[in-house]
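*Asks:* next input, structure requested:
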Amino acid sequence: MNDHSKTGSQVAPWIFTLTIAKGLIPLVLSGVSVVMFKRLGLSNAWAALDTAVLLLPFMLRSYFKPLLRIVKNLRWWVVLLELLFAATMMGVAGGVQSKSWTWHAWLWLLLAAIIGGMHSMVADEYFASMLSGRRKWSKLKAGSFAFCLSGMVAMGIVLMVAGDMEVMSRNLGEAWSKAFQMVAGTFVILAVAQYALLDRMTQYESLEKRKEEYTMFWQSEDKWMIILIMLMFPMHEWMAVRGASLFMVDVGSIGGLSLGPQEVALVQGTVGVFALMIGSLVALNVMQGRGGKPLFWLMALAVTLPDVLYVYLAYTMTSQLTVISLCVFVEQFLLGFGMPVYLLYIYRWCQSGHFRARLDICTALIALSLVVSGMMTGLLQDLLGYRRFFAMVTVLAVLTLLLPLKSTSDREP
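*Replies:* Okay, the predicted model is just below:
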């Protein structure tokens, strides 16, 4: 195994490139794709359902682990999977211009999702190997910054390009084809960067040992409480974020804000991501000095209450981009400030024993939460309308305050 000195006192460049790639894949599959499906004519229910299914491979990613036995070099896997993901993005680019674009594009996206699930698993194995030892706040901040950059690329630059191409070409299929070609090019560049920056890390842990650790979790007394917290705490936010994308692009006659891709890119991909980044960095700086205990309830409220801003937008149906941007900025800033409560819970639970197995379980449960919330979002919006949908999400957010996160978050990291 290589020397870990690269990850010692300074932040290694690979943390940025690998985190950007790891974050960009699900954002393209669930965020960019849902806007594309809406612009190309699918209903809310089908757009949300089709993109929610694409996150299933992230829930089932542990089943890909036997493949690591074929080639144990994790750098090799990262580079290969990113090049394959780029190839599937070219497939989507061709599929959206075909006559049966729905099935062609979705099948390519499904293949991309399978590759993305494998990439997520390999990336986490690399992170766990290279970042073992005591926690470094600088690395947490770097990872948070890099993840926000991936959001800016996916929900900002890609959507902006798609919107500009819609105006220039007057052909929706061609416009979104160009956008996905840009995503493909981005992953080719990332693959080259990973090859240059990553060490030839080898995966040594036996799969039999990992299976035993999974079995121990299912035999534990607190398994159902862990599952409840992992599923329910983030679910309202997944529904709000997915619902907000549909809400912004839908026409005013059915309660939407009638924003174009460029405006969605500005509001969500630029203003929203910038606010999320600032909020998370502020939270990490506060927690570095004080820990999670003193500000627990403030941070928990910051995650739950701002969803009411979408209720305000749904009732006013304002066309002022400044007002919409301000609401999204406040909501995303508070989300970034409050979400470390949930992440601290995950970290503490994983650190209590069998770190990698528990990280796999957390990732699977979070992905399941994304899938379930995504499947429900479109159906509930069509059934309830945007006003009652966002009101329901706000109530669900408040109910998450009843979850027993504090007992685990009280201990200092």
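*Asks:* burial count for residue 249?
*Replies:* 22 (other C-beta atoms under 10 Å). Where C-beta positions appear, they are placed from N, C-alpha and C, glycine not excepted.
*Asks:* that one touches residue 35, doesn't it?
*Replies:* Yes: here residue 249 reaches residue 35: they are 6.0 Å apart, a contact under C-beta atoms under 8 Å.
*Asks:* which residues are common contacts for the two?
*Replies:* 261, 264 (C-beta atoms under 8 Å, 6 or more residues apart in numbering).
*Asks:* quickly find the element holding residue 214.
*Replies:* In the assignment (DSSP states H and E), residue 214 maps to helix 207-219.
*Asks:* what's the following helix or strand past that helix packed up against?
*Replies:* On the C-terminal side of helix 207-219, the closest following helix or strand by DSSP H and E is helix 223-232. Applying 3 or more C-beta pairs under 8 Å, 6 or more residues apart in numbering; DSSP states H and E, one finds that helix 223-232 contacts helix 340-351, helix 355-399.
*Asks:* take the first one, keep the C-alpha atoms, and write them as PDB.
*Replies:* It stands for helix 340-351. The C-alpha coordinates for helix 340-351 follow below in PDB (Å, rounded to 0.1, in the frame of the first residue of the first chain):
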ATOM      1  CA  PRO A 340     -23.700  18.400   9.200                       C
ATOM      2  CA  VAL A 341     -26.000  17.300  12.100                       C
ATOM      3  CA  TYR A 342     -27.000  14.300   9.900                       C
ATOM      4  CA  LEU A 343     -23.500  13.800   8.600                       C
ATOM      5  CA  LEU A 344     -22.100  13.900  12.100                       C
ATOM      6  CA  TYR A 345     -24.600  11.200  13.100                       C
ATOM      7  CA  ILE A 346     -23.500   9.000  10.100                       C
ATOM      8  CA  TYR A 347     -19.800   9.600  10.900                       C
ATOM      9  CA  ARG A 348     -20.200   8.700  14.600                       C
ATOM     10  CA  TRP A 349     -22.200   5.600  13.800                       C
ATOM     11  CA  CYS A 350     -19.600   4.400  11.200                       C
ATOM     12  CA  GLN A 351     -16.700   5.200  13.600                       C
END
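*Asks:* next, the angle helix 355-399 makes with that helix.
*Replies:* Between the axes of helix 340-351 and helix 355-399, defined by axes from the mean of the first three to the mean of the last three C-alpha atoms, to 10 degrees, the angle is 150 degrees.
*Asks:* any idea how far the spatially closest residue to residue 400 that is not a sequence neighbour is from residue 362?
*Replies:* With C-beta to C-beta, 6 or more residues apart in numbering as the criterion, residue 400 has its nearest non-adjacent residue at 5.2 Å, and that residue is residue 233. Separation of residue 233 from residue 362 (C-beta to C-beta, to the nearest Å) stands at 12 Å.
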